[in-house]
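Q: Model the following, please.
(one chain, ligands or ions: 1)
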Amino acid sequence: MTQTLWQRYQDWLYYHNGLELYLDLSRVSGLTQELLQELQPRFIRAFQDMAALESGSIANPDEQRMVGHYWLRDADLAPTPDIQRDIRESIDRVEQFAQQVHRGEIKTSHGEKFTDIVAIGIGGSALGPQFVNQAVAPAQPPLAIHFIDNTDPAGIDRLVGDLGDRLHTSLIVVTSKSGGTPEPRNGMWELQRVFRQREWLFAPQAVAVTMAGSHLDQTAQAERWLARFPMFDWVGGRTSELATVGLVPAALQGIPIRELLRGAREMDQVTRIADVKQNPAALLALAWYATGQGQGRKDMVILPYKDSLSLLSRYLQQLVMESLGKEKDLDGHVVNQGIAVYGNKGSTDQHAYVQQLREGLNNFFATFIEVLKDRKSGDWEIEPGITTGDYLSVFLQGTRQALYENGRESITITIREVTPKTVAALIALYERAVGFYASLIHINAYHQPGVEAGKKVAGEILQLQRKLLNTLREHPHGLTLDELAQKVQAPAEIETIYKILRHLEANQRGVEFIGEKHKLAGLMVRPQN
Ligand SMILES: O=P(O)(O)OC[C@H]1O[C@](O)(CO)[C@@H](O)[C@@H]1O
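A: Residues are numbered from 1 along each chain as shown. Predicted coordinates:
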């Protein structure tokens, strides 16, 4: 290593003493003192925006909402006494509920202790809990967690099959901020059906985590579910890991939730400092800006060298891409912003796609996540002077160096150990970095208008499917695709119609093709007998 690189390492290394966290930006070549100078006015603005957000301004103008996830870990900062009280009460209630479940004071309606959790949710209502579960759940948790994070019947059947009778001692935690998202609702209906078939009671085992008054909340109230926990309007789904969304499953698994909150709070304190060099989140945002020239030209490849952190990239995918992937800036100009995120874990990925990273398209920057502590105890040398963990450590160093030598940029975040505190600090670091970066590029990080478009089309296709099934029933001898499209008054939708029918036919759902399936021109369809 040359002397200048060593100097650059020292110049661009941030260290957080309490959290024992290092942020090394030395291998981001585009990162210079000049760039920092140039962006200084934008950073001043970003710090002001963040201060305004934290004091309760409408930081999400498109949805006219406050953005308050930072208050969750320091209730004193919340803008009104009511909000402060709501936060404290929600945390106390989560903790008490989990303790009562663990002690067996809250039991199933048939008098048994709860053994498992089936957590139903999607997006922000799943990714944080999944990441934290994998990172820091105890080896023998008081309750083991399982997830339904999709509307895939085969996935649900598999889980139900695997659980067997343990489903009868599972808490079913349905999490949906809006309380109206179809995927978790379907998961809930699927499980309710299983309970009905087995003549078990669902409500005494069910827990809702949702906004007060939502459809889910009303259902839970009407059906007298075991418990309801509030999600606050001012917490976005992708920043809800330290809200009830993440705290309920964490506490039930025996993860110390106060430690999670403490880790996030400690990180929040330093990411409030209005000086880029003293603020790790501002530094991270600056590095992202430097790699992609503020236009997201480079993808973010997340490479944690620790199995327990392998879901970090999936978690960050939503946090970064749903926040930054925006068509328009805050003034309504088309900007098509975003940063693509992917990754799994090192050194595993070295045997998958690192080849392309080193030699192929130079359209990314890597983020190495390094954990200094190799294992809890019982280390041994596989070769004289060398452990398995040494291999992991040098593979990280080797890949970082090999990438740099070939003009590929990287960031390295180092923590001492994977603990509830450091994991929450990482979450808080990225939450804030996303907020700063959004200010730098002048976009709203807190809405997701693009997600709605696909949902709307899906709803229209379901409508069309209902129409098709009704129309087909009236034509037992069959129709061509064209005729059917005419009958449902959707000739322009013929491809969609064909795909609906193909799916129904594959599942023996009352539809039969006449003719050769691949010859679409003459293909006829009729109701199945
Ligand atoms: O918790 P909810 O309201 O079910 O939403 C789940 C996810 O759906 C989205 O609204 C859009 O995909 C995410 O932002 C959110 O995390």
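Q: Domain ranges for this protein, per the record?
A: With the TED database as the criterion, the domains of the chain are listed as 1-65+259-447, 69-255, 450-527.
Q: want to throw those into TSV with mean neighbour count and mean pLDDT?
A: All C-beta spots, glycine's among them, are computed from the backbone N, C-alpha and C. Below are the domains of the chain laid out as TSV (neighbours: other CB atoms under 10 Å; pLDDT from 0 to 100):
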stretch	mean neighbour count	mean pLDDT
domain 1-65+259-447	18	97
domain 69-255	19	98
domain 450-527	14	95
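Q: For Asn529, which non-adjacent residue is closest in space?
A: Closest residue to Asn529 apart from its sequence neighbours, by CB to CB, 6 or more residues apart in numbering: Glu512 at 8.0 Å.
Q: Beyond the helix or strand the one you found falls within, next helix or strand please.
A: Following DSSP states H and E, one finds Glu512 within strand 511-514. Later in the chain than strand 511-514, the nearest helix or strand by DSSP H and E is strand 524-527.
Q: who does the helix or strand containing Leu216 touch, helix- and strand-wise?
A: Per DSSP H and E, Leu216 falls inside helix 215-222. With contacts taken as 3 or more CB pairs under 8 Å, 6 or more residues apart in numbering; DSSP states H and E, helix 215-222 sits against strand 206-211, strand 227-231.
Q: chain center to it: distance?
A: 25 Å (CA atoms, centre = their mean, to the nearest Å).
Q: before we move on, what about stretch 281-300?
A: With CA atoms, centre = their mean, you get 20 Å for stretch 281-300.
Q: From one end of it to the other, what's the distance?
A: Across stretch 281-300, the terminal residues are separated by 15 Å (CA to CA, to the nearest Å).
Q: Pull the residues that contact the longest helix seen in the chain.
A: Across the chain, the helix with the greatest residue count (assigned by DSSP state H) is helix 449-473. Identification of contacts with helix 449-473 by CB atoms under 8 Å, 6 or more residues apart in numbering yields 62, 182, 322, 325-327, 479, 484, 487-488, 490, 493, 496-497, 500-501, 504, 510-511, 525-527.
Q: if we go to 6 Å?
A: Helix 449-473 is contacted from outside by 487-488, 500, 527, using CB atoms under 6 Å, 6 or more residues apart in numbering.
Q: go on, stretch 258-271?
A: Residues contacting stretch 258-271 (CB under 6 Å, 6+ apart): 18-19, 70, 73-74, 242, 279, 281, 420-421, 424-425, 428-429, 432.
Q: So which of those reach the ligand?
A: By CB under 6 Å from any ligand atom, no member of the contacts of stretch 258-271 lies near the ligand.
Q: what's the most distant pair in those residues?
A: The span of those, defined through CB to CB, is set by Asn279 and Pro420 at 23.2 Å.
Q: Need the three-state assignment for Leu171.
A: Three-state assignment for Leu171 (DSSP: H, G, I helix; E, B strand; the rest coil): strand.
Q: For it, give me its contacts.
A: Counted by CB under 6 Å, 6+ apart, Leu171 has contacts 114, 117, 205, 207.
Q: that's a helix at the first one, yeah?
A: No. The assignment for Phe114 is coil, going by three-state DSSP, so no helix is present there.
Q: Would you mind measuring from it to Val173?
A: Per CB to CB, to the nearest Å, Phe114 is found 11 Å from Val173.
Q: and if you look at Leu23?
A: Using CB to CB, Leu23 is found at 34 Å from Val173.
Q: what do you get for Met321?
A: Taken as CB to CB, the span from Met321 to Val173 is 26 Å.
Q: Spatially nearest residue to the residue lying farthest from the centre of the chain (excluding sequence neighbours)?
A: Computed with CA atoms, centre = their mean, the maximum C-alpha offset from the centroid of the chain is found at His477, amounting to 48.7 Å. Nearest residue to His477, sequence neighbours excluded (CB to CB, 6+ apart): Arg526, at 6.4 Å.
Q: can you give me the helices for the stretch 251-400 of the chain?
A: 257-270, 280-292, 312-324, 354-359, 388-405 (DSSP state H, counting those that start in this stretch).
Q: Quick one: closest of those helices to His518.
A: Using CB to CB, the nearest of those to His518 is helix 354-359, at 35.0 Å.
Q: Give the full set of residues in contact with the closest residue to the ligand within the stretch 201-350 of the chain.
A: Per CB to the nearest ligand atom, Gly237 is where the stretch 201-350 of the chain lies closest to the ligand, at 2.5 Å. Counting by CB under 6 Å, 6+ apart, Gly237 touches 123-124, 177.
Q: now swap in Leu284 and tell me
A: Ala433.
Q: same question, Ser57
A: With CB under 6 Å, 6+ apart, Ser57 has no contacts at all.
Q: Make 812 the starting number, not 1.
A: In the new count, where the first residue is 812, that last one comes out as Ser868.
Q: How about the residues of the stretch 1062-1211 of the chain by the ligand?
A: Applying CB under 6 Å from any ligand atom, we find that the stretch 1062-1211 of the chain lies next to the ligand at Glu1133.
Q: from the contacts of Gly1048, which are also near the ligand?
A: Contacts with the ligand within those, counted by CB under 6 Å from any ligand atom: 934-935, 988.
Q: mind listing the strands for the stretch 1112-1261 of the chain?
A: Using DSSP state E, counting those that start in this stretch, the strands found in the stretch 1112-1261 of the chain span residues 1152-1153, 1175-1182, 1220-1226.
Q: ok, now how distant is Asn997 from the ligand?
A: As judged by CB to the nearest ligand atom, to the nearest Å, Asn997 and the ligand stand 12 Å apart.
Q: Which helix or strand contains that residue?
A: Element membership for Asn997, per DSSP H and E: helix 993-1008.
Q: List of residues touching that helix?
A: Looking at what lies outside helix 993-1008 - CB under 6 Å, 6+ apart - the contacts are 931-933, 959, 962, 967, 971, 983, 985, 987, 1013.
Q: Let me know the angle separating it from strand 1017-1022.
A: Compare the direction of helix 993-1008 with that of strand 1017-1022 by axes from the mean of the first three to the mean of the last three CA atoms, to 10 degrees and you get 160 degrees.
Q: before we move on, back to that, now, which of the contacts of helix 1260-1284 sits nearest Arg856?
A: Ile1311 (49.3 Å).
Q: Would you check that the residue nearest to His1288 makes contact with Gly1289?
A: Yes. Arg1337 is in contact with Gly1289 according to CB atoms under 6 Å; the separation is 3.3 Å.
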